[in-house]
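sequence-free structure coming up:
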């Protein structure tokens, strides 16, 4: 549900009651990954999606029922089910959703307990409200771009019992990166401690996934499956070179949910007027900025300067960082000259192999917008393990989990 934290946080602030269905397991060619959510409030308003349209109607009805009876349920939709065509799941996938009601502000049913969870087994308003507030960030922050997801707030994770006894199903813990937490799963005293430890590991890796435990918190047996949604600040895209192609790439980066920084040493070009959609504009030599800024394993670096005096010292450092992607613009001749210069400053062939240059996929791009699409497509392919080949010419699975989430088989 943290993928729609902005909307749900507003519902919480308005005192609305709602039910939220979250995808907790997928298999085959499932349309949306674990963590995708659809929520329905007491007036019938819906936000989010669990299947891109396949089973939305059936899941909507489940949310309405949960609002009425206050019960948390887990439901499976699969291509082998007799009613697969009736609900519209014809893509050959399997989707399991956890539907949990969140009572309206002041509503006593289901009644909350002192731990912030509801006595009937589902998560209480206090735990959900804290998780949504943490994931959504400051009120009024708004999405960075059209495709920006929740995660502008603090790093936080919501752990919920997705499989287990009825009295524990849906109960939740909010876990923060420092190990502090809110809520209580209501089981063995060691259960919370183990869940916090496992959840924190997933949160630190920025992952959404599952793990199995016994009811006493040990790893012997698998009476419970705990589903963890991690919400972390958006990944960074740093674009070096304040050119027209960079302006287009900034817009695409925003659409993909990146926090986008433009860096150029030339004051006249690195301006807010030229890059109104950038989150940050930095006037500095690219290699100096890269040395002092924070990067991580999700960061993508796009070098569009195609000028040796900028490129070489920048790439010398970039190719030795544990980032997700390093790409550089330029002709094939520029690329060969760039490689020779980088060898001269000591980069190894293994380090040079990390460089995506000329940057982008072969789309026949000409305009800045087309080129930005080409670059973004390569970034997605590299990060998700895609081939870049037309789907009509490959037999590979359409959806890859890339190790980021657990598959249906792992949690069924």
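Perfect, thanks for sending it. The model shown is predicted, which means the values in this text are computed figures rather than measured ones.

pLDDT at residue 128, what is it?
Residue 128 carries a pLDDT value of 91.

run a quick neighbour tally on it.
Neighbours of residue 128 under the rule other C-beta atoms under 10 Å: 28. (Glycine included, C-beta is placed from N, CA and C.)

any idea how far it is from residue 1?
From residue 128 across to residue 1, the span is 8 Å (C-beta to C-beta, to the nearest Å).

what do those two both touch?
Common neighbours of residue 128 and residue 1, using C-beta atoms under 8 Å, 6 or more residues apart in numbering, are 8, 158.

who are the contact partners of residue 188?
215, 216, 217.

for it, which non-adjacent residue is closest in space?
With C-beta to C-beta, 6 or more residues apart in numbering as the criterion, residue 188 has its nearest non-adjacent residue at 4.2 Å, and that residue is residue 216.

can you give me the neighbour number for that neighbour?
Residue 216: 14 surrounding residues under other C-beta under 10 Å.

cool, and residue 395?
5.

hang on, residue 214 packs against residue 223?
Yes: counting by C-beta atoms under 8 Å, residue 214 touches residue 223, with 5.1 Å between them.

list the buried ones in stretch 204-217?
Buried residues in stretch 204-217, defined by neighbour count with 16 or more other C-beta atoms under 10 Å: 206, 207, 208, 209, 210, 211, 212, 213, 214, 215, 217.

hang on, the second one is in a helix, isn't it?
No: secondary structure assignment places residue 207 outside any helix; it is coil (DSSP: H, G, I helix; E, B strand; the rest coil).

which pLDDT value belongs to it?
At residue 207, the predicted lDDT confidence score is 86.

how far away is it from residue 200?
11 Å.

helices of the stretch 101-250 of the chain, start to end?
With DSSP state H, counting those that start in this stretch as the criterion, the stretch 101-250 of the chain has helices at 125-136, 189-204, 244-255.

just name the shakiest helix or strand of the protein by mean pLDDT.
helix 408-411 (a mean of 32; mean pLDDT, DSSP states H and E).

quick one: furthest residue from the center of the protein?
residue 344 (39.2 Å; C-alpha atoms, centre = their mean).

what's that one in contact with, if anything?
Applying C-beta under 8 Å, 6+ apart, no residues qualify as near residue 344.

distance of it relative to residue 352?
For residue 344, the distance to residue 352 (C-beta to C-beta) stands at 12 Å.

test my guess that residue 210 contacts residue 226.
Yes: assessed by C-beta under 8 Å, residue 210 is found in contact with residue 226 at 6.4 Å.

okay, and the common contacts of those two?
The contact sets of residue 210 and residue 226 overlap at residue 162 (C-beta under 8 Å, 6+ apart).

residue 370: neighbour count?
15.

repeat that for the one 4 residues further on.
Residue 374 has 21 neighbours, counted by other C-beta under 10 Å.

same question, residue 343
Per other C-beta under 10 Å, the neighbour tally for residue 343 reads 13.

wait, what's in contact with the nearest residue to it once chain neighbours are set aside?
In this structure, residue 343 finds its nearest non-sequential neighbour in residue 352, 7.3 Å apart by C-beta to C-beta, 6+ apart. When contacts are counted by C-beta under 8 Å, 6+ apart, residue 352 touches 319, 339, 342, 343.

could you tell me how far residue 352 is located from residue 339?
6 Å.

look up how far residue 181 lies from residue 74.
23 Å.

returning to what we had before: would you check which pair of the buried residues of stretch 204-217 lies furthest apart?
206 and 215 (28.5 Å; C-beta to C-beta).

report the distance from stretch 208-228 to the chain centre.
Centre-to-centre, stretch 208-228 and its host chain are 22 Å apart (C-alpha atoms, centre = their mean, to the nearest Å).

same check on stretch 240-248?
With C-alpha atoms, centre = their mean, you get 26 Å for stretch 240-248.

sketch out the strands for the stretch 1-150 of the chain, chain order is fine.
Ranges of strands in the stretch 1-150 of the chain, per DSSP state E, counting those that start in this stretch, are 18-28, 37-41, 46-48, 73-78, 93-102.

out of these, nearest to residue 165?
Of all these, it is strand 73-78 that lies closest to residue 165, at 12.1 Å by C-beta to C-beta.

ok and the closest one relative to strand 93-102, angle-wise?
160 degrees (axes from the mean of the first three to the mean of the last three C-alpha atoms, to 10 degrees).

okay, now the sheet partners of strand 73-78, with direction.
strand 93-102 (antiparallel) (DSSP bridges).

for the partner strand, buried residues please.
For strand 93-102, burial by neighbour count (16+ other C-beta under 10 Å) applies to 93, 94, 95, 96, 97, 98, 99, 100, 101, 102.

wait, which of the residues you listed is closest to residue 386?
residue 93 (18.3 Å).

isn't that closest one right next to residue 25, touching?
No: the pair residue 93 / residue 25 is not scored as a contact, 10.8 Å apart, by C-beta under 8 Å.
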